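> mind folding the following:
(one chain, ligands or ions: 1)
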Amino acid sequence: MEKKSIFSAIQATGKLTLGNYLGAIHNWVKLQDEFACTYAIADLHTLTVRNNPETIRQNIMDLLAVLLAAGVDPNKATIFIQSHVAAHSQMAWVLNCYTYMGELSRMTQFKDKSAKHADNINAGLFTYPVLMAGDILLYKADLVPVGEDQRQHIEITRDIAERFNKLYGETFVIPEPYILGVGARVMGLQNPTSKMSKSSTIPNDSIYLTDTKDEIVKKIKKAVTDSEGIVRYDVENKPGISNLISIYGAIQNKTKEEVEKEFENANYGSFKNAVAEAVVGVIEPLQQKYQEIIKDTTYMEKVYREGAKKAEVIANETMREVYEKIGLVL
Ligand code: TRP
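Sure, this is the predicted structure:
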């Protein structure tokens, strides 16, 4: 049987967190053997927020180096930079004409982002989900591994695809969100009821992939817990400990029950030591590899050029099919 296809992308916004790693990157690596994977660095999506050109370029190369350092393998998966495949912008335009203002207005990410960037509520911020829908539909992906916060964007992608198929006949595959287990949602260490974020302003709330060993250990030691003293998963009443259980489980490939069992008789201090050791154990080797790769610009260029070439074949074919169906002259 043919392998199911997967598409996913990460925005190149700089300063990646442990949440980005465990929630996405780590899973990308795991999925590349079992599925036909296409992974993009979503650079066009980042343009919805103002940034200077040098930073943007750096963020893109940085993310590529991190992905490669983490083990995304260009011989197994297709990995490319979104803007290198023109069909992404082309598809976004077409799909814009099959998406309603009303549905885009209901997107929670749009509402959040426009509150946060009230001085720059540009049209791109509004149509962001349409570009994302195009990303996915171009590759006829069966599954889209994303974090819980992107579920609504997959739903609108499905709605747009179904609408198009109904008008023009079977064209797009209706994708399913593929929300992966424990790693899917890493929360802040100080504020474990919201997602670990690169823009958190609370000190010690987020672990960055660039943090030193000492910083990581310190942040985990300071992570908020509760007064029960038992390593038990209970998001409602023990969000801090539950988050640490998730982090540890994601790294060690263990279920929360297995983690609870392992630390049955442990106090929070020794549990935190184990979590810190596990986190350092993934971040340190990642940093070493990253340092090698980021210097090797020739290798990185080879990866993204070849990736774009492979992606383009599929994307252009879908684009042509769409142009033809809607009545453009080819
Ligand atoms: N919007 C996604 C995020 O912020 C990134 C993204 C862009 C994406 N295009 C995509 C994710 C296509 C999955 C599929 O996380």
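> could you pull out the helices for the stretch 151-300 of the chain?
151-168, 213-222, 239-252, 256-262, 268-295, 297-326 (DSSP state H, counting those that start in this stretch).
> now do the fifth one and helix 213-222, the angle between them.
In this structure, helix 268-295 runs at an angle of 150 degrees to helix 213-222, with axes from the mean of the first three to the mean of the last three CA atoms, to 10 degrees as the basis.
> now swap in the last one and tell me
Using the same axes, to 10 degrees, the direction of helix 297-326 lies 60 degrees away from that of helix 213-222.
> picking up where we left off before, can you tell me which of the helices of the stretch 151-300 of the chain is packed in deepest?
helix 239-252 (a mean of 23; mean count of other CB atoms under 10 Å). Every residue, glycine included, has its C-beta placed from N, CA and C.
> residues in contact with that helix?
18, 22, 26, 181-183, 185-187, 189, 192-193, 220, 223-226, 231-235, 254-256, 258-260, 268, 271-272, 274-275, 278-279, 281-282 (CB atoms under 8 Å, 6 or more residues apart in numbering).
> same check on stretch 187-206?
For stretch 187-206, the external contacting residues (CB under 8 Å, 6+ apart) are 13-20, 147, 149, 185-186, 207-208, 218-220, 222-224, 239-240, 242-243, 246.
> stretch 107-117 now?
Contacts for stretch 107-117 (CB under 8 Å, 6+ apart): 48-49, 104, 121, 125-126, 128-129, 149, 152-153, 156.
> go again using 7 Å as the cut-off
Stretch 107-117 has contacts (CB atoms under 7 Å, 6 or more residues apart in numbering) with 49, 104, 121, 125-126, 128-129, 152.
> isn't P74 right up against V303?
Yes: P74 lies in contact with V303 (CB atoms under 7 Å); the separation is 4.9 Å.
> among the helices of the stretch 151-300 of the chain, which is nearest the ligand?
helix 151-168 (6.1 Å; CB to the nearest ligand atom).
> contacting residues around I283?
Going by CB under 7 Å, 6+ apart, I283 touches 209, 211, 216.
> if we use 8 Å, what do you get?
Counted by CB under 8 Å, 6+ apart, I283 has contacts 18, 21, 207, 209, 211, 216.
> reformat the residues you listed as JSON lines; add distance to the ligand.
Formatted as JSON lines, those follow (distance: CB to the nearest ligand atom, whole Å):
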{"residue": "L18", "distance to the ligand": "16"}
{"residue": "Y21", "distance to the ligand": "13"}
{"residue": "I207", "distance to the ligand": "18"}
{"residue": "L209", "distance to the ligand": "16"}
{"residue": "D211", "distance to the ligand": "21"}
{"residue": "I216", "distance to the ligand": "24"}
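> which one of those sits closest to Y98?
Of all the contacts of I283, Y98 sits closest to Y21, with 35.2 Å by CB to CB.
> ok, that closest one touching T210?
No: with contact defined as CB atoms under 8 Å, Y21 does not reach T210; the gap is 11.5 Å.
> of the two, who's got more company?
Y21 (24 against 14; other CB atoms under 10 Å).
> against Q32, how distant is the more buried one?
Distance, Y21 to Q32, using CB to CB, to the nearest Å: 16 Å.
> redo the helices of the stretch 151-300 of the chain as CSV? Include mean pLDDT.
CSV is the format used below for those (pLDDT from 0 to 100):
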stretch, mean pLDDT
helix 151-168, 98
helix 213-222, 97
helix 239-252, 95
helix 256-262, 96
helix 268-295, 97
helix 297-326, 98
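> and those as CSV, adding distance to Q58?
Converted to CSV, the helices of the stretch 151-300 of the chain look like this (distance: least, CB to CB, whole Å):
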stretch, distance to Q58
helix 151-168, 26
helix 213-222, 21
helix 239-252, 28
helix 256-262, 37
helix 268-295, 10
helix 297-326, 12
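> residues contacting K3?
34-36.
> and P129, how far from I6?
19 Å.
> oh, I was asking about R106
On the measure of CB to CB, R106 and I6 end up 27 Å apart.
> which one of these two has more residues nearby?
A count of neighbours by other CB under 10 Å puts I6 above the other of R106 and I6, at 25 against 11.
> what residues does the protein put near the ligand?
7-11, 42, 45, 132, 135-136, 144, 146, 150 (CB under 6 Å from any ligand atom).
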